[in-house]
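In: Sequence below, structure please.
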Amino acid sequence: MLKNQIKYLYTTDCSFVVKVISVLINTLQTILSHCLDYKALNQFRDMILCVLPDSDPLLDYADYGCYCGFGGSGTPVDELDKCCQVHDQCYSDAMQHDECWPVFDNPYTEFYSFSCDAANRKVSCLSDNTVCEMFICDCDRVAAECFGRSPWNPEHEHLPSDRCK
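Out: Predicted coordinates for the structure are as follows:
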């Protein structure tokens, strides 16, 4: 009897097992992406804080102009909003980069190495990054430096979407 059960296990179609494993992998990937999303966002936040130590990046830039925050359309309302537009485009370029794998090297979840020279308010991407990590790190570094050069205008916070067409 046991011999027949073992034989059955070996001869059974593996599609069910493959489906279960696929569901588990997808679930794990979703859970990890939410955790990694937060950590990767913190790296960008830390870069902004290096350049603008008195800012509150998650509040100041989460819903500003037509491009700072999620999504983006229309014409940037000012220099700061243009920084966000360029950053969005840089992330899009990273998704198409030959050295970046779409699932594993997503710019919203990719970790990279950088340093902050607080005295000079300067961010540097470190040489131990892979080509893809360096590309994404540079996207964030350039945006943080652009934020540092651009005035923040309270009139452009929480801008109605009809102004971004």
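In: how about the strands in the chain?
Out: 114-117, 122-125 (DSSP state E).
In: Any regions of this protein where pLDDT drops low?
Out: 1-39 (pLDDT under 70).
In: one more time with 50
Out: For the chain, applying pLDDT under 50 flags the ranges 17-37.
In: hang on, the earlier thing: out of the strands of the chain, the one nearest Met47 is which?
Out: Proximity to Met47, assessed across these by C-beta to C-beta, is greatest for strand 122-125 (4.9 Å). Every C-beta, even on glycine, is put in place using the N, C-alpha and C of the backbone.
In: tell me what the closest one is packed against?
Out: Strand 122-125 is packed against helix 15-51, strand 114-117, helix 131-149, with contacts defined by 3 or more C-beta pairs under 8 Å, 6 or more residues apart in numbering; DSSP states H and E.
In: thinking again about what came up before, quick check: which of the strands of the chain is buried the most?
Out: Comparing the strands of the chain by mean neighbour count (mean count of other C-beta atoms under 10 Å), strand 122-125 comes out on top with a mean of 18.
In: No more questions from me, cheers.
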